[in-house]
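> Dropping the sequence and predicted coords here.
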Amino acid sequence: MNLLAISSILVFISNLIIGFLVLWKGKNSKINTSWFILCSTLCIWGIGVFKVATTTSKQDAYFWWQIANIGVMFIPVTYYNFIYLFCDLKKRYQKYILISAYTLSFIFTICCIFFPKAIWGELRWVFGQYYWLDWQSNKSPLYLFSYVLLYWVLLLYVFLILIQTYKSSKSLARNQLRYFIVASAIAWLGPTLIWPVFFRIDIYPYSNFLIAVQPIIIGYAIAKYRLMDIRVAITRTGVFIAIYTVILGLPFAVAGLLKNYLIGLFGQNWWMAPLVLMALLATVGPFIYIYVERKAEDRLLAEQRRYQNTLKQASAGMTRIRNLRKLLNVITHIVTKTVKISYVAIYLHNEETDEYVLQVSRDKGRMSIPKLTSDNYLIKWIMLKREPLIYEEVKRQMQDSGDHAYIQLEENMRILTASVIIPSSLEDRFMGFIVLGDKLSGQIYTSDDLSVFQVLASQAALAIENAQFYEEAKEMQQQIAQAEKMATVGTMADGLSHQINNRFHALSLIAGDTIDTIKFTDTANCTPEVKEMITQVNHALERIQANVMQGGEVVKGMLKYSRKGEEGMEDIDLNILLDNTLEMVQFKVKVSEFDLIRNFDHSTPKVKGNLTQLEEAFFNFIDNAYDAIVERRTTLKEEGYRGRITISAKPKNDKLEIVVEDNGMGIKDDNTKKVFAPFFTTKISARKGTGLGLYVINKIITDAHQGKINFESKHGVGTRFILELPIAD
């Protein structure tokens, strides 16, 4: 078997395998299908020339040249068709060129089948191995015209398209086009160096081997989205060829050049020397290849390895930063300066609003999207997949399949100006994501890059959680301190109220005595001005006396609320309980801003409980409901909206079921599990609470009264608290 036959069978096998692999990778992709068709035409060329190279029959050779030229006539056209789809050419004249090229290929193919000798001429025996077409025997201008038009004009146009598209492309697509340009140059050099034999310029067609290389390079570029840098691919190939050329060639060189010397040294067993040398080289060859390849890549990718190591070191040190804002700024600063990325942004989940909010970004000239809702398709996708999302991959999938999912992903990533999105998760908790723009160098994000960024995102998630925990703990300490202050005020209330009541009593006596003095004073001889002044003073003293009485009631109520309620259990009427609660709550909330509806009658059974503690519980119910009403009114701004608190009651076995319902803002689903937790609050106004109200209610109802409490809430609609208290005997 000669070298032409070997190269041709390699062309056939490589194109057949790569063609089917790419087709299987994307069965519904027009690009993958067009590539398979191109590989099929190359397979026709390969099998045709293989048969030509292995037959000694002139008639059979002519037949197989006809088969080979069917491939020849369609290879340039199918290649243009592939580039037409891959580069997404949309101009009308480009489509007309494609149609015209297919038409000419069909015409030339028909001529080759039915009028072969008129096109090619005769065959001649070349290199002492096979029959080759001899254009000089006929000098057909039609064959020369087809060769020039399809191979030189059409392929030159395709190369111009590739170069133009390459200049305007970014990142992954740009790197794929590098593969295409390099592979195409190699592949089309193959047939170009074959054609001289047709014109009696007898250069052995070694270049047919190059046609076998093309499908491997381009097929890899199509099927494998996350490509290695083209420089790395070429370096690895070059190192492999160089090493194994030495390994395989050196023993043959020794055998050829030193044969006589080896015969004199070893006699008839001289061939053992090159065989042993081949075995030794084959053993050490892989180790030499790995060593040389590593050294070459270290030199080639020195910059990339440098910033990857920097990112790894930064990942390890992030957990020491406790301030969340400082931590996020450090992450974006390191990424943009180290990797030299055009744009970086970090989005974190906000539990209160259930949104992913932009925390920091680096690129002053870019308008960042402030937030994304949790039902956004991009959020759902990265939460499910938990792996990097690459824009060029998404775009290619969208173009290939037209799937609505990829259309939405592409649109979201384009709006975010994201080249890559890295999810940030901590165990099962999805915390947010990092948006990366293009590299300023124009290079792609390699698999190594993505692995490093995933490590960075994981470490960032841990650091962010630590920072958030630290800030929450700090806030909780402040709330505890505030609660302790309030408890201290409550402890002091007894003494303070006694002192204040003494002052009020003194003021009341002074005002009363002065009023009595005025009443018994004869003012008949006083001037009208003096009489008017005495009347005003009397009125002022009466107002002082009235306010003193009212202030005394306020102090009495405060004292009643602040006492711990150690007087024990008693039978309590629900109406009296609510009346007492309203006496106190009116000093904190504006009772006129909502309606309090008592949805029970006078026959409702009394409950067994501690009056002071239950007053505290209902105080918190009404206080929280009022805050929810105010929040809904200010947030939703509904026309005609008025707050409403409804209290219902009905017997349930030996318990009284009491329902406290409001039409306020309600509680979000994510917060329902934390409602009774200490220091948890949903109040957003300036009068934000300590988060102890519902915790205290739960303790009073369940621990002190052996009752039950539950709730139902819908955000934007309202909340219902259902509690059960023991009925009095």
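Here it is on my side, so go on.

> State the number of residues packed around Trp271.
Residue neighbour count, defined by other C-beta atoms under 10 Å, stands at 14 for Trp271. For every residue, glycine as well, the C-beta is placed using N, CA and C.

> mind listing what's buried in the strand or helix carrying Asn15?
Here Asn15 sits within helix 3-25, counting by DSSP states H and E. Of all the residues in helix 3-25, those buried under the rule 16 or more other C-beta atoms under 10 Å are 4-5, 7-12, 14-16, 18-19, 21-23.

> Same check on stretch 397-412?
397-401, 406-410, 412.

> Can you tell me what sits against it?
26, 28-32, 88, 372, 376-378, 381, 389, 391, 394-395 (C-beta atoms under 8 Å, 6 or more residues apart in numbering).

> Stretch 528-540 too?
Against stretch 528-540 from outside (C-beta under 8 Å, 6+ apart): 515, 518-519, 521, 523, 526.

> where's that stretch relative to the chain centroid, distance-wise?
Between the centre of stretch 528-540 and the centre of its chain there are 79 Å (C-alpha atoms, centre = their mean, to the nearest Å).

> average pLDDT across it?
The pLDDT scores in stretch 528-540 average 83.

> got it, and stretch 423-440?
83.

> swap in stretch 667-684?
Mean per-residue pLDDT for stretch 667-684: 63.

> re earlier: who does the helix holding Asn15 touch, helix- and strand-wise?
helix 30-54, helix 208-223 (3 or more C-beta pairs under 8 Å, 6 or more residues apart in numbering; DSSP states H and E).

> Any chance of those in a markdown table with mean pLDDT, mean neighbour count and distance to Phe114 as columns?
A markdown table is the format used below for the helices and strands packed on helix 3-25 (pLDDT from 0 to 100; neighbours: other C-beta atoms under 10 Å; distance: least, C-beta to C-beta, whole Å):
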| stretch | mean pLDDT | mean neighbour count | distance to Phe114 |
| --- | --- | --- | --- |
| helix 30-54 | 90 | 22 | 17 |
| helix 208-223 | 73 | 22 | 27 |
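
> For the ones you listed, please prepare TSV with the additional fields distance to Ile70.
Shown next, in TSV, are the helices and strands packed on helix 3-25 (distance: least, C-beta to C-beta, whole Å):
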stretch	distance to Ile70
helix 30-54	6
helix 208-223	16
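
> Compare those helices and report which one is nearest to Asp595.
Closest to Asp595 of these is helix 30-54 (C-beta to C-beta; 66.0 Å).

> tell me the angle that closest one makes with helix 3-25.
With axes from the mean of the first three to the mean of the last three C-alpha atoms, to 10 degrees defining the directions, helix 30-54 sits at 160 degrees from helix 3-25.

> what's the distance between helix 30-54 and the middle of its chain?
Worked out by C-alpha atoms, centre = their mean, helix 30-54 lies 41 Å from the chain centre.

> just stretch 165-182 next, same as before
For stretch 165-182, the distance to the chain centre is 25 Å (C-alpha atoms, centre = their mean).

> how about that stretch as CSV, C-alpha atoms only?
This file holds the C-alpha atoms of stretch 165-182, laid out as CSV (Å, rounded to 0.1, in the frame of the first residue of the first chain):
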residue,chain,number,x,y,z
THR,A,165,-16.1,37.7,11.2
TYR,A,166,-13.1,37.0,13.4
LYS,A,167,-12.3,40.7,13.7
SER,A,168,-15.9,41.5,14.9
SER,A,169,-16.3,38.5,17.2
LYS,A,170,-15.6,38.2,20.9
SER,A,171,-14.3,35.6,23.3
LEU,A,172,-15.5,32.0,22.5
ALA,A,173,-16.6,32.6,18.9
ARG,A,174,-13.4,34.4,18.1
ASN,A,175,-11.4,31.4,19.4
GLN,A,176,-13.5,29.0,17.4
LEU,A,177,-12.8,31.1,14.3
ARG,A,178,-9.1,30.8,15.0
TYR,A,179,-9.5,27.0,14.8
PHE,A,180,-11.4,27.3,11.6
ILE,A,181,-8.9,29.6,9.9
VAL,A,182,-5.9,27.5,10.9
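
> For stretch 98-107, give the mean pLDDT please.
For stretch 98-107, the mean pLDDT works out to 89.

> Pull out the buried residues from that stretch.
98, 101, 104-105.

> just checking, which of these belong to helices?
Applying DSSP state H to the buried residues of stretch 98-107, the entries found in helices are 98, 101, 104-105.

> related to what we said a few turns ago, between the buried residues of helix 3-25, which is nearest Leu144?
Nearest to Leu144, judged by C-beta to C-beta, of those is Leu4 at 23.1 Å.

> Quick check, that closest one in contact with Trp132.
No - using C-beta atoms under 8 Å as the test, Leu4 is too far from Trp132 to be in contact (9.5 Å).
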